Structures are given as structure tokens and as C-alpha cells.
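>>> give the three-dimensional model of this entry:
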Amino acid sequence: MTEKIRIKDIAEMAGVSVGTVDRVLHNRPNVSPPAREKVEKALKEMNYQPNMYASALAYNKSYTFYLFIPNHEQETYWEEIEEGANKAMESRRDFNIDVRIMYYERFSDESFTEKSEECLANNPDGVIVVPAELDITRQFTDKLHESNIPFIMLDSYMPDLLPLSFYGQDSFSSGYFAAKIMMMVAANDTEIMIMKQMKSGRVVSKQQANREVGFRHYMRDHFPDIKILEVNLPLDSSKTEYEAKLDDFFNEHPQLHHCITLNSKAHIVGEFLLRTNRRDVQIMGYDMVGKNAECLRQGSISFLIAQHAYQQGYSCVEALFKAIVLKKKVQPVNYMPIELLLKENVDFYRRTQL
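A predicted model of the protein is given here:
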């Protein structure tokens, strides 16, 4: 058994000193090529597998990981990510893992840059990055690469930035799935509405943009004659302005019955529909946010697509632990389940279980 193989046993088989074996096992210098070859041959013949957990514990080093995410106010998706990350830290407390959360202001390039510089100055052992736009995120990740700091991408996947790993949904497949589910109830409609939140006339989330590509791909292939109408709600507008835009839209399209948004803000439309007693219109959206769940229960939201944020937060910290502490390879791309929530099953959705 591997557990019973002692360094002394390896040294005897290789014909070298115990110190030489120890240096080879821990990849330390001052080992001659012939001696290293003897030790490696002995390890192979004995089928030796190091106990990474025991080695890491014995090393007794402390590790600091940063969770670099947008600032938020009681937003369930991000709260669950934090809870999952903290749970992973707790489960690995014997290895002196510390997870620190650093917030940047969403949709602010200046804040992202400022906070990323602060993160780098703290010299973390690993970072979990929720990216902003590609160019501004690249400035951060390039510096992480230069400093040999491993990082994992969360929420939105940007493979060009060469992360150690990624955790999140396959955005294209998620949007395609959303369209397919929606059209099971809207197949007889002539038009549907897609609600988007914009900044300076564009969607700032790469994840949402990819979801829309998948959504429109399905619609083009299967329902090309259905008109897709857009309602764009600027991120910096007030609730009153939102309501005025929505009121004008639904008055102009009295025959429209189904809407979708590819972000977590379906409740903006859902609450409007309830307040104005438009019971023949429903919206489909994303994420198990408290306000979304309530609209789902009351019938103004038809479906929610969940992506198990708790598991994402937990898995990101666990992946950094395996790669940095245990020196193990990790899976580069990890897509989360695409989970469908309805009024009938929303109360059974366990958000804090793996």
C-alpha cells in the first residue's frame, strides 16, 4: 500500500540517502541528475503516490484567496456565491485558507481598475474574478499572469484571458434553452418582448449578450415569423421612468402575452404587471432572487432559470485549493446545471446545498 511506503524504503531501493529522496519528492534543488533518475525509477517501480493532504498540512503555510466580485445590495445570486465560498473556506480550515471578498462598483471601469490594483498589491495566492468588459478585465488578468497568481473566472467565461478554470453556465446553451421553454407556452403568439438593461446603449454583461445569441438562434431556426420586440431600460433610470416605458409599451401592444429577460431583473416587469393588473402577460427570467421568486408565486413570472450560485462559489475556492495547495490539475471548464423553476417547485429549490 502507498500509505506504508516510507522515505527510507525508497532510499534503500534507489541506493541514495533519505535526504536525496526528500529533495526529489519536494522538487528541491541540489540533486544530481543520476540520483534523481534513480529515485524516480524507484518511485515508479513502487507505484508511489504522495499523500498531498498530509504534505500540505505538514507544510503549515497560510493561503489567501480573493473573491473579486461586483458590489451588491442584498442580491441573492451574489450572496449565495459568497456563502458558498465561505463554506469552502470553512471546510478547508485545517489548511489555513483565508477567503477575502473585494468589491468593485458594477459597470464602473474606474472602480474595477482601482480595486484590481488593490488586490494585486495584497499579493494573493489566488483570485476568483467576476469579469467586467473584456479589455478592462484583461489589464487585470495580464498582471495576474505576470505575477504567477492563478485565477479562476466566475459567471462569465473569457477563454482568451487564459484562466486556470471557469465556473458558470454555458451562456449560449442557456439562452437557447430559455427560448425553447418559452415557446412551449408562446408558440401561438405573433410577437414577444425581450427586456434588456442597458448602459450607454449596450448590454454590459458578456454572459447576457451570449444568452441573447443563443435565444435568437433558437427563435430564428424554429419561429422565424415571430417578431421580437425590445424594451431597453437604462441602468441609471428610476423606477418611475421604468414604469412609464413599460406602460407605454404594453398599451401599444395589447396582444402581447409573453416576455423574457436574460438577467436577474425579471421582477421589474413582474411587479409592474401585478401593480397594473395585467394578468394575461408573463415574463420569464433568471436567478432565484427573492423578488423574482415572489413574482413567480403570484403568477407574473412564468419560469426562472437558476444556476446554483452557492455551488459556483464553493467550487471556485475548492479549485484554487486543489491547484495551489495540493498541486493538482483542475478541470478547465465547469458548466453549471441549467435548472428550471416554476411556481410548483420554487419552494423546494435548495440554494445552500451542493
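
>>> switch to C-alpha atoms for all contacts and neighbour counts from now on
OK.

>>> ranges for the strands of this structure?
In the chain, the strands defined using DSSP state E lie at 63-70, 97-104, 126-129, 151-154, 165-168, 191-198, 227-234, 258-261, 282-286, 301-306, 333-335, 339-341.

>>> just give the number of residues close to Glu73.
Residue neighbour count, defined by other C-alpha atoms under 10 Å, stands at 7 for Glu73.

>>> what do you get for Glu241?
So Glu241, with other C-alpha under 10 Å, has 13 neighbours.

>>> ok, Arg106 next?
As a measure of burial, Arg106 has 15 neighbours, counting by other C-alpha under 10 Å.

>>> surely it and Pro70 touch.
Yes: counting by C-alpha atoms under 8 Å, Pro70 is a contact partner of Arg106 at 5.1 Å.

>>> bridged to Pro70, which residues?
Tyr104 (DSSP bridges).

>>> please name the residues that touch it.
Contacts for Pro70 (C-alpha atoms under 8 Å, 6 or more residues apart in numbering) come out as Tyr103, Tyr104, Glu105, Arg106, Val130.

>>> related to what we said a few turns ago, any chance of the strands of the chain in JSON lines, plus mean pLDDT and distance to Glu117?
Compiled in JSON lines, these are given as follows (pLDDT from 0 to 100; distance: least, C-alpha to C-alpha, whole Å):
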{"stretch": "strand 63-70", "mean pLDDT": "96", "distance to Glu117": "12"}
{"stretch": "strand 97-104", "mean pLDDT": "96", "distance to Glu117": "11"}
{"stretch": "strand 126-129", "mean pLDDT": "98", "distance to Glu117": "13"}
{"stretch": "strand 151-154", "mean pLDDT": "97", "distance to Glu117": "15"}
{"stretch": "strand 165-168", "mean pLDDT": "96", "distance to Glu117": "22"}
{"stretch": "strand 191-198", "mean pLDDT": "93", "distance to Glu117": "27"}
{"stretch": "strand 227-234", "mean pLDDT": "94", "distance to Glu117": "29"}
{"stretch": "strand 258-261", "mean pLDDT": "98", "distance to Glu117": "34"}
{"stretch": "strand 282-286", "mean pLDDT": "97", "distance to Glu117": "32"}
{"stretch": "strand 301-306", "mean pLDDT": "96", "distance to Glu117": "33"}
{"stretch": "strand 333-335", "mean pLDDT": "96", "distance to Glu117": "26"}
{"stretch": "strand 339-341", "mean pLDDT": "94", "distance to Glu117": "36"}
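
>>> let's have those in JSON lines, adding distance to Val21.
What follows is the strands of the chain, written out as JSON lines (distance: least, C-alpha to C-alpha, whole Å):
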{"stretch": "strand 63-70", "distance to Val21": "27"}
{"stretch": "strand 97-104", "distance to Val21": "29"}
{"stretch": "strand 126-129", "distance to Val21": "30"}
{"stretch": "strand 151-154", "distance to Val21": "32"}
{"stretch": "strand 165-168", "distance to Val21": "33"}
{"stretch": "strand 191-198", "distance to Val21": "60"}
{"stretch": "strand 227-234", "distance to Val21": "64"}
{"stretch": "strand 258-261", "distance to Val21": "60"}
{"stretch": "strand 282-286", "distance to Val21": "55"}
{"stretch": "strand 301-306", "distance to Val21": "50"}
{"stretch": "strand 333-335", "distance to Val21": "36"}
{"stretch": "strand 339-341", "distance to Val21": "50"}
